[in-house]
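Student: Predicted model follows, preceded by the sequence.
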Amino acid sequence: MSTWDKLNKDQRTQAEDSFVALSTLDDLLTYLVPAEEQSRKLGFDDLYQYVVGTRELDQMALYQALKQNRTLAESFDLLLRNEASYYMPQAAAASSGDIDEREGEGFKIRLKLSRAIPDQIYVMIEFEDLGAEFPSNLFLMPVSGECTRLDLPKGSDGTVQLIAEAGSDLIRNLRDPKTEVFLR
């Protein structure tokens, strides 16, 4: 006779309910937090490798880590400022309309509507020093704190150019005068 057979009807019901509850909790934890992320938190080394382009990070995990850990957020901000070749601070608030051109020290970013495809916009990053090495990453830091890194294509003649959808986060953030821009 097994232990199960020795239980009365109420004890069996309680055991089944407990099993269902524990199984459901286990399923939820597995679904919400993948196994490889359950025991690992982002650290300074992760941030450094992300900024220098040797590691990819999930944008939502990065945002959550920076939101939850003030020291980590301050370290990330300092790291971006120290590693960036070019920096564009928040712009003075525009009186009306979209900002289609912003200037930083040694460069400017222009947004130009595509004539061929009206819902696409050219992003042109123009550098004053035509002989300087082009940055490989663009970091956008909007006021929300949701930092985005974008790999840049190769440039020529002092300009890096890419194209984006008019309604994309990239265009929205570049037009927002409160978004800081870092080029590395």
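Tutor: Great, that's in hand.
Student: in the chain, which spans are helices?
Tutor: With DSSP state H as the criterion, the chain has helices at 3-6, 9-32, 35-38, 44-51, 59-68, 70-83, 169-175.
Student: packing partners for the fifth one?
Tutor: The one in question is helix 59-68. Contacts defined by 3 or more Cβ pairs under 8 Å, 6 or more residues apart in numbering; DSSP states H and E place helix 59-68 against helix 70-83. In short, each C-beta sits where N, CA and C put it, glycine included.
Student: by contact count, what packs against the helix it packs on?
Tutor: Under the contact rule (3+ Cβ pairs under 8 Å, 6+ apart), helix 70-83 is packed against helix 44-51, helix 59-68, strand 137-141.
Student: Give me the packing partners of the first one, helices and strands only.
Tutor: Just to be clear, that refers to helix 44-51. Applying 3+ Cβ pairs under 8 Å, 6+ apart, one finds that helix 44-51 contacts helix 70-83.
Student: How about the shortest one?
Tutor: On a contact count with 3+ Cβ pairs under 8 Å, 6+ apart, strand 137-141 meets helix 70-83, strand 148-151, helix 169-175, strand 180-183.
Student: Can you say which of these is packed in most?
Tutor: strand 180-183 (a mean of 22; mean count of other Cβ atoms under 10 Å).
Student: who does it pair up with?
Tutor: strand 86-88 (antiparallel), strand 137-141 (antiparallel) (DSSP bridges).
Student: next one: the longest one to chain centre, how far?
Tutor: Spelled out, that is strand 137-141. Mean C-alpha position of strand 137-141 versus that of the full chain (Cα atoms, centre = their mean, to the nearest Å) differs by 9 Å.
Student: the inter-axis angle of that strand versus helix 70-83?
Tutor: 140 degrees (axes from the mean of the first three to the mean of the last three Cα atoms, to 10 degrees).
Student: quick check: mean pLDDT across strand 137-141?
Tutor: In this model, strand 137-141 has a mean pLDDT of 96.
Student: How about Leu79, nearest residue that isn't a chain neighbour?
Tutor: What sits nearest to Leu79 in space, not counting adjacent residues and going by Cβ to Cβ, 6 or more residues apart in numbering, is Val51, at 5.3 Å.
Student: returning to what we had before: can you lay out the helices and strands packed on helix 70-83 as CSV showing distance to Leu78?
Tutor: Formatted as CSV, the helices and strands packed on helix 70-83 follow (distance: least, Cβ to Cβ, whole Å):
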stretch, distance to Leu78
helix 44-51, 10
helix 59-68, 12
strand 137-141, 12
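Student: Which of those sits closest to Glu101?
Tutor: strand 137-141 (15.9 Å; Cβ to Cβ).
Student: still on that earlier bit, which of the helices and strands packed on helix 70-83 is buried the deepest?
Tutor: Mean neighbour count (mean count of other Cβ under 10 Å) peaks for strand 137-141 among the helices and strands packed on helix 70-83, with a mean of 20.
Student: contacting residues around it?
Tutor: For strand 137-141, contacts defined as Cβ atoms under 8 Å, 6 or more residues apart in numbering pick out 51, 53, 77, 80, 84, 125, 147-152, 170, 173-174, 179-184.
Student: Sounds good, over and out.
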